[in-house]
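K.L.:
One predicted model, sequence on top.
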Amino acid sequence: MKEATFWITLAYLLGSIPTGFLLVKYFKGMDIRSFGSGNTGANNVRRILGKEWAIFVAIIDMLKGVLGLLGAMASGMADPWVLSLIALAGVFGHNYPVWLKFKGGKGVSTSFGVIFLLWPLNSFAIAMMGGVVWYAVMRTTRYVSLASVSSLFSVAFFFFILGAPLAFTLFSLLLALLAAWRHYENLERIINGTENRI
């Protein structure tokens, strides 16, 4: 139990590293949370620093979610429920970072980071399929928010139909619901026809 608590805490703290916030603060001297969507994720970084830095932030945000989970797995932890909690802690760290008074990003990149690793030999393929869904929805609708939420729900579906452990399936569904919650305003604007397209 102590070991699980350690990895959950570490995963949260690693996830809390505010990549987008730090980069925008360094290059522009501004608080990214006061601009655009008000969150610290890659899509808001794109609005301020451009596409290249947005890609960089997305990659780092994926990796910071992976590190705690990877460490736990390397230490011998294998229980699906515990691994799911560790992965969830990394995503919560990104969304609600302790360093920024719990105001962070929307968790899509970090979610995909932990999904890549969660179920060895299977979740990589599932994450890639989710990426295909993201690209298809984004290209069709040009709504990044809709693509992000749709891709995470598709990941939960893929976990289910491929017979993943129940913990992983429920975890992936929780990630999708969390993403939908974090994108609530975007989805509402899509319904109202006022959301900006990429």
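P.N.:
Structure's in. What do you need? Residues are numbered from 1 along each chain as shown.

K.L.:
Show me the longest helix that occurs in the protein.
P.N.:
Secondary structure of the chain per DSSP state H: the longest helix is helix 51-74.

K.L.:
what does it rub up against?
P.N.:
Outside helix 51-74, the residues within contact range by CB atoms under 8 Å, 6 or more residues apart in numbering are 4, 7-8, 10-12, 14-15, 17, 19-20, 23, 27, 41-43, 45-46, 82-83, 86-87, 89-91, 93-94, 105, 109-114, 116-118. All C-beta atoms are positioned from the backbone trio N, CA, C, and that covers glycine.

K.L.:
how about a cut-off of 7 Å?
P.N.:
Here helix 51-74 makes contact (CB atoms under 7 Å, 6 or more residues apart in numbering) with 7, 10-11, 14-15, 17, 19-20, 23, 41-43, 45-46, 83, 86-87, 89-91, 94, 105, 109-110, 112-114, 116-117.

K.L.:
Next up, the contacts around residue 39.
P.N.:
So residue 39 contacts 33, 104-106 (CB under 7 Å, 6+ apart).

K.L.:
So it: helix, strand or coil?
P.N.:
coil (DSSP: H, G, I helix; E, B strand; the rest coil).

K.L.:
And it, how far from residue 85?
P.N.:
24 Å (CB to CB, to the nearest Å).

K.L.:
For burial, what's the neighbour tally of the residue nearest to residue 151 when sequence neighbours are not counted?
P.N.:
Sequence neighbours aside, residue 134 is the residue nearest to residue 151 in space, at 3.7 Å (criterion: CB to CB, 6 or more residues apart in numbering). By the measure other CB atoms under 10 Å, the count of residues near residue 134 is 22.

K.L.:
how much does the one helix or strand residue 134 maps to deviate in direction from helix 51-74?
P.N.:
Using DSSP states H and E, residue 134 sits in helix 123-141. Going by axes from the mean of the first three to the mean of the last three CA atoms, to 10 degrees, helix 123-141 is angled at 160 degrees with respect to helix 51-74.

K.L.:
who's in contact with helix 123-141?
P.N.:
The contact list for helix 123-141, computed with CB under 7 Å, 6+ apart, reads 112, 115-117, 144, 146-148, 150-152, 154-155, 158-159, 162.

K.L.:
In which helix or strand does residue 102 reside?
P.N.:
Using DSSP H and E, residue 102 maps to neither a helix nor a strand.

K.L.:
Nice, that's everything, thank you.
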